[in-house]
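Asker: predicted model and sequence below, questions to follow.
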Amino acid sequence: MLQLNFPPFEFKLREVNNRQEIFDPVRHKFVTLTPEEWVRQHLISYLTLVKRYPISMIGVEKQLLLNKLPKRFDLVVFGRNANPFLLVECKSPGVEITEKTFDQAARYNMLLQAEYFLITNGLEHYTCRIDYENKQYIFIEDVPDFDRQSGQNAK
């Protein structure tokens, strides 16, 4: 797989029926190793090992209803108050991050009301804090460390 713009991490990999799999510590199982999954697993490692978010506060590929249509977000991190803190949209490294990608994350976040969202293709990462009062997102350098999160949503 392609080298991504993350620190190096160790992963459990295996091959089953000519298919590569990677162990997902959130879902506690091996999953098919696609380019998008490679990005997601790097991000999970980054959030848990570098930013110190407890793995128990992360949800992967959960479904929500948006205008009565089922949608699936890639990853959500819950804050200390158990409310969504960070919504993540992962793309394959070959997928360009566009305004459409931001709009997709913003639509999902209308329901979740997370304080932050992050969009990454593994090579480029964009982190935003949501300013609900002024209805805008503000680009920030990086996701706050777990110890530095506010613990409150911006609702």
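Answerer: Received the coordinates, thanks. The shown structure was predicted, so the numbers you read here are calculated from the model rather than taken from an experiment.
Asker: can you pull out the helices in this structure?
Answerer: Ranges of helices in the chain, per DSSP state H, are 35-45, 99-112.
Asker: in a markdown table: those, plus mean neighbour count and distance to D24.
Answerer: Backbone N, C-alpha and C define where each C-beta goes, glycine included. Formatted as a markdown table, the helices of the chain follow (neighbours: other Cβ atoms under 10 Å; distance: least, Cβ to Cβ, whole Å):
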| stretch | mean neighbour count | distance to D24 |
| --- | --- | --- |
| helix 35-45 | 22 | 7 |
| helix 99-112 | 15 | 20 |
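Asker: ranking those by mean pLDDT, which is last?
Answerer: Lowest mean pLDDT within the helices of the chain: helix 99-112, at a mean of 78.
Asker: check which helices and strands that one sits against.
Answerer: With contacts defined as 3 or more Cβ pairs under 8 Å, 6 or more residues apart in numbering; DSSP states H and E, the packing partners of helix 99-112 are strand 58-66, strand 69-78, strand 84-90, strand 116-120.
Asker: show me what the last one is packed against.
Answerer: Meaning strand 116-120. Here strand 116-120 touches helix 35-45, strand 84-90, helix 99-112, strand 125-131, going by 3+ Cβ pairs under 8 Å, 6+ apart.
Asker: by mean pLDDT, flag the weakest helix or strand of this structure.
Answerer: Least confident helix or strand of the chain, by mean pLDDT, DSSP states H and E, is strand 58-66 with a mean of 75.
Asker: for the closest residue to R40 other than its chain neighbours, give the beta-bridge partners.
Answerer: Distances taken as Cβ to Cβ, 6 or more residues apart in numbering put C90 closest to R40, at 4.7 Å, once the chain neighbours are dropped. Beta-bridge partners for C90, by DSSP bridges, are T120.
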